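Asks: here's my sequence, what's the structure:
(one chain, ligands or ions: 1)
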Amino acid sequence: MSDASHKISVDNVINETSNRRSFLKRAAVTAIAGGAVAACKDGSALPAKAIASPATKPAVPALSAAETELTAEKIQWEITPGQKVEAWAYNKQVPGPQIRVREGDRVRLILNNKLDQSTAIHFHGLELPNNVDGVPFITQPPVKAGESYTYEFTVPEGNHGSHMYHSHHNAAQQVGLGLLGAFLVEPKNPSDIERADVDYTLILNDGAHGYTFNGKSFPATEPLTAKVGQKLRIRFMNEGMMIHPMHLHGMHMTVFAKDGWNLPAPWRCDTLNVAPGERWDVIVSCKSPGVWAFHCHILPHAESDHGMFGMVTAVVVS
Ligand SMILES: [Cu+2]
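Replies: As a prediction, the model looks like this:
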């Protein structure tokens, strides 16, 4: 909930002409907005059915499981202010809508293919029956241009955590161009460590659109905002083809889950390597106020002689 409300303000500000300096202004604005909605603990009021909440356009209404539809089509997508590129997107956004369910939920998802080539959806991290694994020529025929295909399954008990959905057909091109999204499964009995005040999903990608967080390149990336004393949960997901060591300034991260599975013992770091296909869940105890740089530490993914770009954002603690 804090995610969605938060993005309204970010979008408004992103629409203004923006540059690297205005990122900090934007960070300050969203820090206020983030603070205002932070009391709304993410996931506290989940419906029993699947919902698809928009990653970037909160005006899109949430959908119930029975009517969840993903339409793949080509769109124009703004990576950084003024830089528009072709994207292949689900429901006209990159990443596609965030799908949030609870373990045990029944999910029915209709894929409409409006691309000019075939595609399919794989649910990455979910331990599903073979026939809904979404791999053309292995578990299903390709979904051809103009066709639709329905996936229906029950989310297994115990399979909660941070998962993904993405194309598994011509994937280097299709996922690189944006056919991807987060598939979050809420546990029925959350452990203490995962009860966070603020909950962010950060999808890394490095395909045709360059180095991006949630489909945007710095300075268009969204700052993560929290108040002093809050627990910030970050769900890292790598949909790209390279490793990205994510480094947070000023505060450490406590890593508590890998690929959705809670670790036997959480551990601390300030740089977390996120390899292709991996998901890592961390908690940041926001003790120090400030605008803390948060970036990939493979430096050519984050800085050039023209300044910062790509995989750079900030954690803003106010
Ligand atoms: Cu990187």
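Asks: report the contact partners of whichever residue of the stretch 1-150 of the chain sits closest to the ion.
Replies: For the stretch 1-150 of the chain, the residue closest to the ion is Ile79, as judged by C-beta to the ion, at 15.7 Å. For the C-beta atoms, the positions are set from N, CA and C on the backbone; glycine is no exception. The contact partners of Ile79, taken as C-beta atoms under 8 Å, 6 or more residues apart in numbering, are Val85, His209, Gly210, Thr212, Gly215, Lys216, Ser217, Ala220.
Asks: what of Ala226?
Replies: For Ala226, the contacting residues are Gly34, Ala38, Asp197, Val198, Leu232, Val284, Cys286, Val315, Val316, Val317, Ser318, by C-beta under 8 Å, 6+ apart.
Asks: kindly list the main-chain dihedrals of it?
Replies: Main-chain torsions, Ala226, degrees, to the nearest 10: phi -160, psi 170.
Asks: mind checking how far it is from His247?
Replies: Ala226 sits 18 Å away from His247, going by C-beta to C-beta, to the nearest Å.
Asks: what does Ser304 give?
Replies: Going from Ser304 to His247 by C-beta to C-beta gives 17 Å.
Asks: pick out whichever of the two has more residues nearby.
Replies: Ranked by neighbour count (other C-beta atoms under 10 Å), Ser304 and His247 place His247 first, with 17 against 11.
Asks: I'd say the more buried one and Leu299 touch.
Replies: No - using C-beta atoms under 8 Å as the test, His247 is too far from Leu299 to be in contact (10.3 Å).
Asks: next step: the contacts of Ile79 restricted to strands.
Replies: Val85, Thr212 (DSSP state E).
Asks: residue numbers of this protein in contact with the ion?
Replies: Neighbours of the ion within the chain, by C-beta under 5 Å from the ion: His244, Cys296, Ile298, His301.
Asks: ramachandran angles for the residue lying closest to Leu70 once chain neighbours are set aside?
Replies: Distances taken as C-beta to C-beta, 6 or more residues apart in numbering place Tyr90 nearest to Leu70, at 4.4 Å, with adjacent residues excluded. With angles defined as degrees, to the nearest 10, Tyr90 sits at phi -90, psi 130.
Asks: one more: His247?
Replies: Torsion angles, degrees, to the nearest 10, at His247: phi -120, psi 130.
Asks: hmm, Gln173 and His209 touching each other?
Replies: No - assessed by C-beta under 8 Å, His209 is found out of contact with Gln173, at 11.8 Å.
Asks: higher neighbour count, these two?
Replies: Set His209 next to Gln173 and count neighbours by other C-beta under 10 Å: His209 wins out with 21 against 14.
Asks: confidence score at the more buried one?
Replies: Per-residue confidence at His209 stands at 97 (pLDDT).
Asks: look up the closest residue to it, ignoring the ones flanking it.
Replies: Ile79 (5.4 Å).
Asks: pretty sure Ala87 sits against Asn205.
Replies: No - counting by C-beta under 8 Å, Ala87 sits too far from Asn205 to count as a contact (10.8 Å).
Asks: and the two? which has more neighbours close in?
Replies: For Ala87 and Asn205, the more surrounded residue by other C-beta under 10 Å is Asn205, and the numbers stand at 29 against 22.
Asks: what stretches of the stretch 201-318 of the chain score poorly on pLDDT?
Replies: By pLDDT under 70, the stretch 201-318 of the chain has no low-scoring segment.
Asks: and the strands in it, which stretches?
Replies: 212-213, 224-226, 231-238, 244-248, 253-258, 261-269, 271-274, 279-285, 290-296, 303-304, 307-308, 312-317 (DSSP state E, counting those that start in this stretch).
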